[in-house]
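Engineer: could you work out the structure for the sequence below:
(one chain, ligands or ions: 2)
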Amino acid sequence: MTALVELRNIVKTFGGVHAVENVSIDLAAGEVLGLLGHNGAGKSTLVKILSGVFPADSGDILIKGQSVTIRSTRDAKALGIETIYQTLALSENLDCVANLFLGREIAGWHGFMNDEAMEKKADATLNRLRLRLPLLSKLVSSLSGGQRQAVAIARAIQFNARVLIMDEPTAALGPEETQNVATLIAELSNQGIGIILISHDIHDIFGLASRLVVMKNGRLVGTVNTGDVTKDEVLAMIIAGKVPEARQA
Ligand SMILES: Nc1ncnc2c1ncn2[C@@H]1O[C@H](COP(=O)(O)OP(=O)(O)OP(=O)(O)O)[C@@H](O)[C@H]1O
Ligand SMILES: [Mg+2]
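Structural biologist: Ligands and ions are numbered 1, 2, ... in the order given. Purely as a prediction, here's the structure:
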């Protein structure tokens, strides 16, 4: 089967720092892939190349087997690649609907914003996610961490995302909110969206991802199926930089 996304032999250096050294990963439609590694392993750099923040020095990006050029975040979005950063980048002083459309407002008659159309579309997105946010008109500043994460996810998928990249999606959340985000991720996966979850903590994503990619010092340590490994084995991959025998996926 052709992968939804493939990163092949990606190299990225910053000055003398080898942030990503010849790393290849792939992602299937509907797959939840965990990207793990210590601070500075190169996780964010790798996905920023996919999301168009900066170009790779070398390597290829393929979408459904077709080589693509991603020069900007706009290019990435046009290809259906959406990213949610740790900071979520929500506007505190705007309500949820406004946040869902930030920078992509629906213009109506004479260029005025079409509030009704945006509310309708926001409602449809929340239904699609089976999200109960009784608060479309609430300011983001009044939402809980989990609700903010939900708004960020809704915004990302609202414009036909095929790939969703999430940097530490549950790191700042309590157990119940983490569960809600997990449910949301499962729903997106059901709908065929490929999801990359980034974390430096195996506990955050072990229960969410079906496959795990581990990086260390810019290099790919290995890829394993979550069902084939224990958390301790993955921890050993993160720390020692070696794949336990017979676990290579
Ligand atoms: N814009 C940049 N300019 C210079 N160096 C950078 C830049 N971005 C990342 N680096 C360096 O590249 C290496 C990989 O960093 P990266 O942010 O990709 O790691 P990470 O795995 O995401 O770590 P963390 O878990 O801390 O987020 C680090 O040595 C970092 O200092
Ligand atoms: Mg990072």
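Engineer: now the strands for the protein?
Structural biologist: Remark: strands assigned in the chain by DSSP state E are 5-14, 17-27, 32-36, 58-63, 66-68, 81-84, 163-167, 194-199, 211-216, 219-225.
Engineer: buried ones in stretch 198-211?
Structural biologist: For stretch 198-211, the neighbour count (16 or more other C-beta atoms under 10 Å) marks 198-200, 202, 204-206, 208-211 as buried. Glycine gets a C-beta too; all of them are placed from N, C-alpha and C.
Engineer: out of the residues you listed, which two sit at the greatest distance?
Structural biologist: H200 and S210 (19.5 Å; C-beta to C-beta).
Engineer: now this structure, which segments are flagged as low pLDDT?
Structural biologist: 87, 107-113, 132-135, 246-249 (pLDDT under 70).
Engineer: one more time with 90, if that's ok
Structural biologist: The chain contains residues with pLDDT under 90 at 1-2, 84-160, 167-184, 200-201, 203-204, 242-249.
Engineer: contact partners for the residue most central in space within the chain?
Structural biologist: A centroid search over the chain (C-alpha atoms, centre = their mean) returns I165, at 1.3 Å, as the residue closest to the centre. I165 is in contact with 47, 50-51, 81-84, 195-196, 198, counting by C-beta atoms under 8 Å, 6 or more residues apart in numbering.
Engineer: swap the cut-off to 7 Å and go again
Structural biologist: Contact analysis of I165 by C-beta atoms under 7 Å, 6 or more residues apart in numbering lists 47, 50-51, 83, 196.
Engineer: equivalent analysis for L94, please.
Structural biologist: So L94 contacts 139-140 (C-beta under 7 Å, 6+ apart).
Engineer: measure it to ligand 1 for me?
Structural biologist: Going from L94 to ligand 1 by C-beta to the nearest ligand atom, to the nearest Å gives 27 Å.
Engineer: longest helix of this protein?
Structural biologist: Secondary structure assigned by DSSP state H gives helix 175-190 as the longest helix of the chain.
Engineer: buried set for that helix?
Structural biologist: Buried positions in helix 175-190, judged by neighbour count with 16+ other C-beta under 10 Å: 177-178, 180-182, 184-185, 187-189.
Engineer: which parts of this structure sit against ligand 1?
Structural biologist: Contact residues, the chain versus ligand 1 (C-beta under 6 Å from any ligand atom): 14, 17, 19, 37, 39-45, 200.
Engineer: just the endpoints, please. Distance across stretch 104-115?
Structural biologist: 13 Å (C-alpha to C-alpha, to the nearest Å).
Engineer: repeat that for stretch 122-137.
Structural biologist: Taking C-alpha to C-alpha as the criterion, the two ends of stretch 122-137 lie 11 Å apart.
Engineer: same check on stretch 20-35?
Structural biologist: Start and end residues of stretch 20-35 are separated by 13 Å (C-alpha to C-alpha).
Engineer: any idea how far the residue nearest to the centre of the chain lies from ligand 1?
Structural biologist: Separation of I165 from ligand 1 (C-beta to the nearest ligand atom): 12 Å.
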